[in-house]
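Here is my input, please return the structure:
(chains A, B, C and D)
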2 protein chains.
Amino acid sequence: MPRSSAPDLGGRGRSTAVDRVVHLIRQGVKRGRYAPGQRLPEADLTRELQVSRGPLREALSRLAAEGVLEIEPYRGAMVRRLTRADVEDLYQVREVLEGQAAALAARRITEGDRAERLRQAVADMTAWRGRNDADAFAYMDSNAAFHDLIISLADNQVLADLMAQLGTNAFRLQLTNVMRANARETSIREHEEIAATILAGDARKAETSMRRHVRHSYDAVMKVSDDLLG
Amino acid sequence: MPRSSAPDLGGRGRSTAVDRVVHLIRQGVKRGRYAPGQRLPEADLTRELQVSRGPLREALSRLAAEGVLEIEPYRGAMVRRLTRADVEDLYQVREVLEGQAAALAARRITEGDRAERLRQAVADMTAWRGRNDADAFAYMDSNAAFHDLIISLADNQVLADLMAQLGTNAFRLQLTNVMRANARETSIREHEEIAATILAGDARKAETSMRRHVRHSYDAVMKVSDDLLG
DNA sequence: CATACAAACTTGTCAGACAAACTTACCGGA
DNA sequence: TCCGGTAAGTTTGTCTGACAAGTTTGTATG
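Here you go, the predicted structure:
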């Protein structure tokens, strides 16, 4: 349940050098700038990111705790290489956590302006319909935003923190998969269904549809060849 | 999905100063040596733990990511204070994760010597029957070992890592609650039931009984007065 | 008594240094 | 030629000292 490691969302606090470096490296991994398995020598990073070894090492340590990097004593940091087993484990957990999030969101949908926010998110998603040419990263941000919103609607900080941790790796995995056109249409339809069940306040159905969605996403990811995984 | 932050279980690797410090502080929080809300100035810790600021700060950062400490810029680290809302969130997540673990364990119980290990763990638990006088910490270790075993039987590394993270806080919460005699007997009985359903290979029942157990545990914890929470 | 200001303290970051461990390159022997 | 071992080079783990930025504490003033 990280609090200080959160990406400066709600905290509005001054951002320290460590936060900045964590963000940059994480971004680099998500965007594929640092490839899985690539080693990240401290010397290179201090030059590249303009920070001293102290904050850098703290950042690396934090990213290792998050599962983005791996650190071995006297061998340094490298971008974590995900095996098929890792991905299976990851999605098994995502399924229950996001399912739980959807159920909680359904129960709380009438509070505040939750329903409105969810409808807006659906509108943002459907705007992508047919636009298969558009920037894949932008689409994925939109996709991630939808899932983040569900988590946020669930109103459970522990759940949110854990999902944030799984987020980086899950993101990386979908990077290649999501570009396929039909996968995109399917995904949009499933998002609509999830939103509908939540808006209906049906916790059980919301959980079911979310879990199915995550499973489909997993199936799609598993079709990716091994070298894309890690 | 921390790998390097794990308490040197499988990795058998050399332990660095950071690992040592992380372990000591975490232990201190679990055992109540550092009270919730207590501030932990770097100067004091460097003296107490005989380590320089570099590794110490790395350790603090790691523990903050784990949710054991809270760090505010220019104000330093303090033992995280859990609110009732935090506890509710925590147990809501524990319920689904441990439930999932029990279900997975049931599905895999026939592989290897899993069944035997589980039966042994049950035997260890029942040995506490009636011995309400005995060391509370030792009993809790036994309790934690049972839950850890279920996680381990589930054979999902991501799940195991997430649970390890929730572990420290969950442990702290049960510290006071578990000493009550009837709670202990109830807990032992529930453990027996969980083990039985897993050994029967019934994933659905295993999940149900585990979730009920976690919920009962939550109810017991919530009876604790606020100042014990943090 | 409340407020404003200054001193004291703590944290965030940097730079330089060195020991420990890992990598790589080289060399002699089978 | 291939193999194994040694030495040099590189990288990490940790320490020390230093200083700026921000916070906390204490005091004096209205």
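
Helix or strand next in line after the helix or strand encompassing residue A:26, which one?
Following DSSP states H and E, one finds residue A:26 within helix A:17-30. Next in sequence after helix A:17-30, counting helices and strands by DSSP H and E, comes strand A:39-40.

who does that next one pair up with?
strand A:76-79 (antiparallel) (DSSP bridges).

May I have the partner strand as CSV, with CA atoms only?
In CSV, the C-alpha atoms belonging to strand A:76-79 read as follows (Å, rounded to 0.1, in the frame of the first residue of the first chain):
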residue,chain,number,x,y,z
GLY,A,76,22.8,-3.8,-10.5
ALA,A,77,19.4,-3.1,-12.0
MET,A,78,17.8,-4.4,-15.1
VAL,A,79,14.4,-4.1,-16.7
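
What average pLDDT does that strand get?
On average, the pLDDT along strand A:76-79 is 95.

Would you map the helices across chain A?
A:17-30, A:42-49, A:53-65, A:84-108, A:114-126, A:136-154, A:157-177, A:181-199, A:203-222, A:226-229 (DSSP state H).

Tell me which of those helices sits nearest to residue B:206.
Residue B:206 sits nearest to helix A:84-108 of all the helices of chain A, at 14.1 Å, using C-beta to C-beta. From N, CA and C alone the C-beta is placed, and that goes for glycine too.

Go ahead and measure how far the closest one is from the middle of the chain.
12 Å (C-alpha atoms, centre = their mean, to the nearest Å).

Quick one: work out the angle between that helix and helix A:181-199.
Per axes from the mean of the first three to the mean of the last three C-alpha atoms, to 10 degrees, the angle that helix A:84-108 makes with helix A:181-199 is 40 degrees.

Helix A:84-108 and chain B, any residue contact?
Yes: counting by C-beta under 8 Å from any C-beta of the partner chain, chain B has neighbours in helix A:84-108: A:85-86, A:89-90, A:92-93, A:96-97, A:99-100, A:104.

Only whichever of those are buried, select them in ChimeraX.
In ChimeraX syntax, the buried subset of those is picked out as below (16 or more other C-beta atoms under 10 Å in any protein chain shown):
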select /A:86,89,90,92,93,96,97,99,100,104
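
Can you get me a residue count around residue A:119?
By the criterion of other C-beta atoms under 10 Å in any protein chain shown, residue A:119 has 12 neighbours.

do you know how far the residue lying farthest from the centre of chain A is from chain B?
Each residue of chain A has a distance to the centre, and by C-alpha atoms, centre = their mean the biggest one is for residue A:74: 30.1 Å. Distance, residue A:74 to chain B, by C-beta to the nearest C-beta, to the nearest Å: 8 Å.

gap between that residue and DNA strand D?
Applying C-beta to the nearest atom of the strand, to the nearest Å, the value for residue A:74 to DNA strand D is 5 Å.

before we move on, what about residue A:71?
Computed as C-beta to the nearest atom of the strand, the residue A:71 to DNA strand D distance reads 6 Å.

returning to what we had before: can you put the helices of chain A in a markdown table and add distance to DNA strand C and mean pLDDT?
Output for these, formatted as a markdown table (distance: least, C-beta to the nearest atom of the strand, whole Å; pLDDT from 0 to 100):
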| stretch | distance to DNA strand C | mean pLDDT |
| --- | --- | --- |
| helix A:17-30 | 3 | 93 |
| helix A:42-49 | 8 | 95 |
| helix A:53-65 | 4 | 92 |
| helix A:84-108 | 22 | 96 |
| helix A:114-126 | 33 | 94 |
| helix A:136-154 | 26 | 89 |
| helix A:157-177 | 19 | 82 |
| helix A:181-199 | 38 | 90 |
| helix A:203-222 | 30 | 94 |
| helix A:226-229 | 21 | 58 |
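
could those helices go into a markdown table alongside distance to residue B:129?
Formatted as a markdown table, the helices of chain A follow (distance: least, C-beta to C-beta, whole Å):
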| stretch | distance to residue B:129 |
| --- | --- |
| helix A:17-30 | 48 |
| helix A:42-49 | 54 |
| helix A:53-65 | 39 |
| helix A:84-108 | 33 |
| helix A:114-126 | 48 |
| helix A:136-154 | 39 |
| helix A:157-177 | 33 |
| helix A:181-199 | 46 |
| helix A:203-222 | 37 |
| helix A:226-229 | 48 |
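
Done for today, thanks.
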